[in-house]
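Undergrad: Whatever this is, show me its structure:
(2 chains)
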Amino acid sequence: GQQVMQIPQYQHVQEGEDFTTYCNSSTTLSNIQWYKQRPGGHPVFLIQLVKSGEVKKQKRLTFQFGEAKKNSSLHITATQTTDVGTYFCAESEKAQKLVFGQGTRLTINP
Amino acid sequence: GAVVSQHPSWVICKSGTSVKIECRSLDFQATTMFWYRQFPKQSLMLMATSNEGSKATYEQGVEKDKFLINHASLTLSTLTVTSAHPEDSSFYICSATTGYNYGYTFGSGTRLTVV
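TA: Take a look at the predicted model:
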């Protein structure tokens, strides 16, 4: 079945440092979605990537989809304390079964 | 944007009792809703796909007789944890989407504690 591997599991940074989380799949992904879950909260949709090699930016966040559509990354530039949370990648097929990666928990030292 | 309302936010129940969790799409119709379970510091695990007007589709290893799902209308899905035990204590979250190429909207989750 579908399986998306995400690394690292945890990341602790100093405020102002950059942060990156990676997702990899052994099979070609139809799309990749990214979610953020604050501590005690629920996942919030950030973005969806569909095209090979696609790059999208949201302020300090940069999302990439690999050329082979088997990997994706989320990069945060100059982290702020508001970035704390767990970042998940996920794949869905035709509005069915959203399958999550393991998530990367980001903590920040102010 | 799409809003999914879930309640209760938290519930404490005694072992052996049943708990019902409701998930409503407030401003859109959802023919399909999804139920997830999340243990502390772990990822979200899909439990079942709730289909309006038909039986839910359960993931492997999820007991359909224990986790009853009803999707009676286009805006409401319910998950009933029957004969709850302490190992059922978890964070249960529902989600829905307005369609392909759109992200999924999640309810605020229900933290279930079985004592």
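Undergrad: which other residues reach the helix or strand bottoming out on mean pLDDT in chain A?
TA: Ranking every helix and strand in chain A by mean pLDDT, DSSP states H and E puts strand A:96-100 at the bottom, with a mean of 84. For strand A:96-100, the surrounding residues in contact (CB atoms under 8 Å, 6 or more residues apart in numbering or on different chains) are A:1-4, A:33, A:35, A:88-92, B:32, B:34, B:43-46, B:49, B:95, B:104. No exception for glycine: its C-beta is placed from N, CA and C like everyone else's.
Undergrad: Mark which of those are part of strands, please.
TA: A:33, A:35, A:88-92, B:32, B:34, B:45-46, B:49, B:95, B:104 (DSSP state E).
Undergrad: How about the helix or strand that contains A:T86 and chain B, any contact?
TA: Per DSSP states H and E: A:T86 is located in strand A:85-93. Yes - against chain B, strand A:85-93 shows contacts by CB under 8 Å from any CB of the partner chain at A:F88, A:S92.
Undergrad: Now do that strand against strand A:96-100, angle only.
TA: Put simply, strand A:85-93 runs at 140 degrees to strand A:96-100, going by axes from the mean of the first three to the mean of the last three CA atoms, to 10 degrees.
Undergrad: which strands and helices sit next to strand A:85-93?
TA: Packing partners of strand A:85-93 (3 or more CB pairs under 8 Å, 6 or more residues apart in numbering or on different chains; DSSP states H and E): strand A:19-24, strand A:32-37, strand A:71-76, strand A:96-100, strand A:104-109.
Undergrad: which non-adjacent residue is nearest the residue in chain B that chain A sits nearest to?
TA: Nearest residue of chain B to chain A (CB to the nearest CB) works out as B:G103 at 3.0 Å. Nearest residue to B:G103 in three dimensions, chain neighbours excluded: A:F45, at 3.0 Å (CB to CB, 6 or more residues apart in numbering or on different chains).
Undergrad: pretty sure that neighbour contacts A:Q33?
TA: Yes - between A:F45 and A:Q33 there is a contact under CB atoms under 8 Å: 6.7 Å.
Undergrad: if we can go back for a sec, the residue of chain B closest to chain A contacts B:S95, doesn't it?
TA: No - judged on CB under 8 Å, B:G103 makes no contact with B:S95 at a distance of 9.5 Å.
Undergrad: got the contact list for the strand holding A:T86?
TA: A:2, A:4, A:6, A:21, A:23, A:25, A:29-39, A:41, A:43, A:72, A:74, A:98-101, A:103-106, B:43-44, B:97, B:104.
Undergrad: Which of the residues you listed are buried? Put it as a PyMOL command.
TA: In PyMOL syntax, the buried subset of these is picked out as below (16 or more other CB atoms under 10 Å in any protein chain shown):
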select buried, (chain A and resi 4+6+21+23+25+29+31+32+33+34+35+36+37+43+72+74+98+99+100+101+103+104+105+106) or (chain B and resi 43+44+97+104)
